[in-house]
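Q: this one's structure only:
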Ligand SMILES: [Zn+2]
Ligand SMILES: [Zn+2]
């Protein structure tokens with residue numbers, strides 16, 4: 001509270017984009033309505049008592065070694081506040097789900113958001129899905145709710161540490177702050193610089209046009225792009241025959257705020273389906 005809201009920039013534009021998306025792709029009506037509600041109702045209030053146990057010099061050295069800032073670092077915050085936010089996100093999503101899955105997620109044992117976040121930050125995001133399956137709840141839904149629950153925490157940390165990671169010569173495929181794989185990438189501006197974007201903390205980092213973020217492949221014979229009919233410039237998927245990974249790429253004039261990044265992810269769902277159809281996946 002009192003600090004700028006990291007989700008607010010772009011929310012109005014994002015909601016307008018979602019309305020337009022619903023008109024052109026009626027099949028996205030429900031996920032678009034869920035996202036619009038989440039963006040409007042969760043103006044990322046800061047979680048109280050946030051403290052990252054990290055010194056600037058250590059942070060710089062970690063980045064030089066290719067280690068994300070938050071890997072192995074104690075992040076202190078109010079676990080109860082995170083839990084309340086998690087439950088509120090479940091309630092909002094639940095308004096759009098007739099099957100009661102979000103309510104089941106809110107009640108599920110073993111789904112403590114602070115612990116799930118801990119798994120992500122120690123480099124084990126797959127544990128979130130494993131815990132969801134063990135608890136008998138929807139794993140994809142758990143991932144979405146966790147993202148929204150943790151957004152204010154992680155975007156705040158990325159903002160605070162921006163002067164450190166933005167200065168680093170970071171050449172990895174994963175996020176320099178939280179270690180996640182990119183949600184998508186941007187081809188930015190007239191020069192079409194390639195910038196990867198994190199869907200958890202909103203960090204962005206430059207990445208070579210010809211390179212796979214997942215396996216580091218730089219062999220252009222094994223890298224390709226595909227796009228949907230009619231949108232060759234706006235949305236593309238960048239694929240790697242080395243690891244069968246893919247990352248979606250969107251055209252952006254400037255750095256997309258988090259809200260619009262999430263809309264771009266939904267607006268390119270057809271590329272995820274096409275990529276799966278072609279045998280590509282996100283590791
Ligand atoms: Zn991140
Ligand atoms: Zn690869």
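A: In hand now; what should we look at? Just so you know, these numbers come straight off a predicted model, no measurement behind them. Ligands and ions are numbered 1, 2, ... in the order given.

Q: can you list contacts of stretch 121-140?
A: Stretch 121-140 is contacted from outside by 70-73, 75, 101, 104-105, 108-111, 116, 119-120, 141-143, 146, 178-180, using C-beta atoms under 8 Å, 6 or more residues apart in numbering. Glycine gets a C-beta too; all of them are placed from N, C-alpha and C.

Q: mean confidence for that stretch?
A: Throughout stretch 121-140, pLDDT has a mean value of 93.

Q: Can you give me the end-to-end span of stretch 109-124?
A: 19 Å (C-alpha to C-alpha, to the nearest Å).

Q: now do stretch 111-129
A: The straight-line separation of the ends of stretch 111-129 (C-alpha to C-alpha) is 10 Å.

Q: Report the buried members of the contacts of stretch 121-140.
A: By neighbour count, with 16 or more other C-beta atoms under 10 Å, those hold 70, 73, 75, 101, 104-105, 108, 111, 116, 119-120, 141-143, 146, 178-180 as buried.

Q: Which ones among the residues you listed map onto strands?
A: residue 75 (DSSP state E).

Q: out of the buried ones among the contacts of stretch 121-140, who's near ligand 1?
A: The subset of the buried ones among the contacts of stretch 121-140 within reach of ligand 1, by C-beta under 5 Å from the ion, is 178, 180.

Q: which ones are touching the residue most central in space within the chain?
A: Residue closest to the mean C-alpha point of the chain, counted by C-alpha atoms, centre = their mean, is residue 199 at 1.3 Å. By C-beta under 8 Å, 6+ apart, residue 199 lies in contact with 147, 180, 182, 183, 184, 261, 262, 265.

Q: Spell out the secondary structure type for the residue of the stretch 1-150 of the chain found nearest ligand 2.
A: Minimum separation of the stretch 1-150 of the chain from ligand 2 (C-beta to the ion) falls at residue 66, amounting to 16.6 Å. On the three-state scheme (DSSP: H, G, I helix; E, B strand; the rest coil), residue 66 is labelled coil.

Q: Assign a three-state SS to the residue located most distally from the centre of the chain, would you?
A: When distances are taken from the C-alpha mean of the chain, residue 221 lies farthest, 28.8 Å away, according to C-alpha atoms, centre = their mean. Secondary structure, three-state DSSP: residue 221 is helix.

Q: do residue 199 as well
A: Per three-state DSSP, residue 199 ends up coil.

Q: contacting residues for the residue in the stretch 51-200 of the chain that ligand 2 sits nearest to?
A: Residue of the stretch 51-200 of the chain nearest ligand 2, by C-beta to the ion: residue 173 (8.4 Å). With contacts defined as C-beta under 8 Å, 6+ apart, residue 173 is in contact with 181, 182, 196, 207, 211, 212, 213, 214, 216.

Q: how about it, phi and psi?
A: The phi/psi pair for residue 173 (degrees, to the nearest 10) reads phi -90, psi -20.

Q: Could I get the contacting residues of the residue of the stretch 1-150 of the chain found nearest ligand 1?
A: Residue nearest to ligand 1 within the stretch 1-150 of the chain (C-beta to the ion): residue 68, separated by 7.5 Å. Residues in contact with residue 68 (C-beta under 8 Å, 6+ apart) are 62, 174, 175, 176, 177, 178, 179.

Q: run the last query once more with 10 Å
A: Contacts for residue 68 (C-beta atoms under 10 Å, 6 or more residues apart in numbering) come out as 62, 121, 123, 165, 170, 172, 174-180, 198, 201, 203.

Q: Residue 75 now?
A: Per C-beta under 10 Å, 6+ apart, neighbours of residue 75: 50-54, 114, 117-118, 121, 153-154, 157, 178.

Q: Just the pLDDT for it.
A: 92.

Q: Report the beta-bridge partners for it.
A: Note on residue 75: beta-bridge partners residue 52, judged by DSSP bridges.

Q: circling back: ligand 2 next: which of the contacts of residue 173 are close?
A: For ligand 2, the contacts drawn from those by C-beta under 5 Å from the ion are 212, 214.

Q: now the contacts of residue 173 as a markdown table including secondary structure, distance to residue 26 and pLDDT?
A: Output for the contacts of residue 173, formatted as a markdown table (DSSP: H, G, I helix; E, B strand; the rest coil; distance: C-beta to C-beta, whole Å; pLDDT from 0 to 100):
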| residue | secondary structure | distance to residue 26 | pLDDT |
| --- | --- | --- | --- |
| 181 | coil | 30 | 95 |
| 182 | coil | 29 | 97 |
| 196 | strand | 31 | 98 |
| 207 | coil | 34 | 96 |
| 211 | coil | 37 | 96 |
| 212 | coil | 34 | 97 |
| 213 | coil | 33 | 97 |
| 214 | coil | 33 | 97 |
| 216 | coil | 40 | 94 |
